[in-house]
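Novice: next input, structure requested:
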Amino acid sequence: MIPTSSAQILELHQKYSTSEFNLELVWGHCQAVLAVAQQLMAKTKLNVDPEIVRAGCLLHDIGVYPLISTDGTVKQGVPYLTHGIVGQKILNDEGLPEVFQQICAHHTGVGLSREDVINQKLPLPVADYTAQTEEELLIMYCDKFHSKTLPPQFNSFESYREHVSGFGADKGLKFDEMAAKFGKPELAGLSEKFGFPIH
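Specialist: Predicted structure coming up:
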């Protein structure tokens with residue numbers, strides 16, 4: 001049993017949010033990512049704990065709040081790439097289980113390896129930020145299908161694959177591997193439900 005109900009997680013978002021706009025932006029994104037995950041779990045028998053996935057989807061971007069202004073834009077000079085480890089620290093400070101701390105730290109892109117951090121001189125402590133569990137991998141994958149752009153949008157498989165391939169052909173291949181494992185979501189119904197367009 002995971003001691004993190006959706007209501008409790010929303011309270012945590014409200015605690016760290018600096019504006020109603022930010023809350024709607026980040027909480028809305030987390031709910032959209034959860035909807036993608038629930039759809040994929042319903043379509044394919046996956047070896048994941050659905051309660052960890054549920055809470056992890058709703059918690060994964062908690063570290064965004066300290067990095068954005070009240071209008072949802074990233075604060076000047078702030079490395080947005082750090083939002084995963086910022087979220088990890090927030091959940092550690094809040095006493096949440098390590099499983100959720102790791103979901104925060106390990107969801108960026110299609111995974112950042114130690115070599116990525118060093119070779120790309122990323123603003124992160126040198127460490128491995130790739131998914132270590134099936135739950136982490138699924139949440140990382142589902143996260144790619146929705147963006148907190150202004151306004152927010154769902155991302156088609158093709159558009160995100162093109163985007164991530166810009167960071168190296170190996171990144172596109174990793175996204176292909178996730179799609180082969182988890183399947184591709186049907187975004188039309190989710191777009192209608194949430195009111196976000198598909199890019």
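
Novice: what residue lies at the spatial centre of the protein?
Specialist: In the chain, the residue lying closest to the centroid (CA atoms, centre = their mean) is Asp143, at 4.1 Å.

Novice: right, and that residue touches His60 too?
Specialist: Yes - between Asp143 and His60 there is a contact at 6.5 Å, judged by CB atoms under 8 Å. Quick note: C-beta positions are derived from backbone N, CA and C, even for glycine.

Novice: which residues are common contacts for these two?
Specialist: Overlap of the contact sets of Asp143 and His60 (by CB atoms under 8 Å, 6 or more residues apart in numbering) consists of Val33, His107.

Novice: returning to that earlier point: the residue nearest to the centre of the chain: what's it in contact with?
Specialist: Val33, His60, His107.

Novice: contacting residues for the closest residue to His107 other than its chain neighbours?
Specialist: Using CB to CB, 6 or more residues apart in numbering and skipping the chain neighbours, the partner closest in space to His107 is Met140 (4.5 Å). The contact partners of Met140, by CB under 8 Å, 6+ apart, come to His106, His107, Thr108, Val110, Gly111, Ala131, Met178.

Novice: of those residues, closest to Ser6?
Specialist: Distance to Ser6, by CB to CB, is smallest for His107 among the contacts of Met140, at 18.6 Å.

Novice: what strand or helix carries that closest one?
Specialist: Under DSSP states H and E, no helix or strand contains His107.

Novice: that one and Leu59 touch, don't they?
Specialist: No - applying CB under 8 Å, one finds His107 not in contact with Leu59, separated by 10.1 Å.
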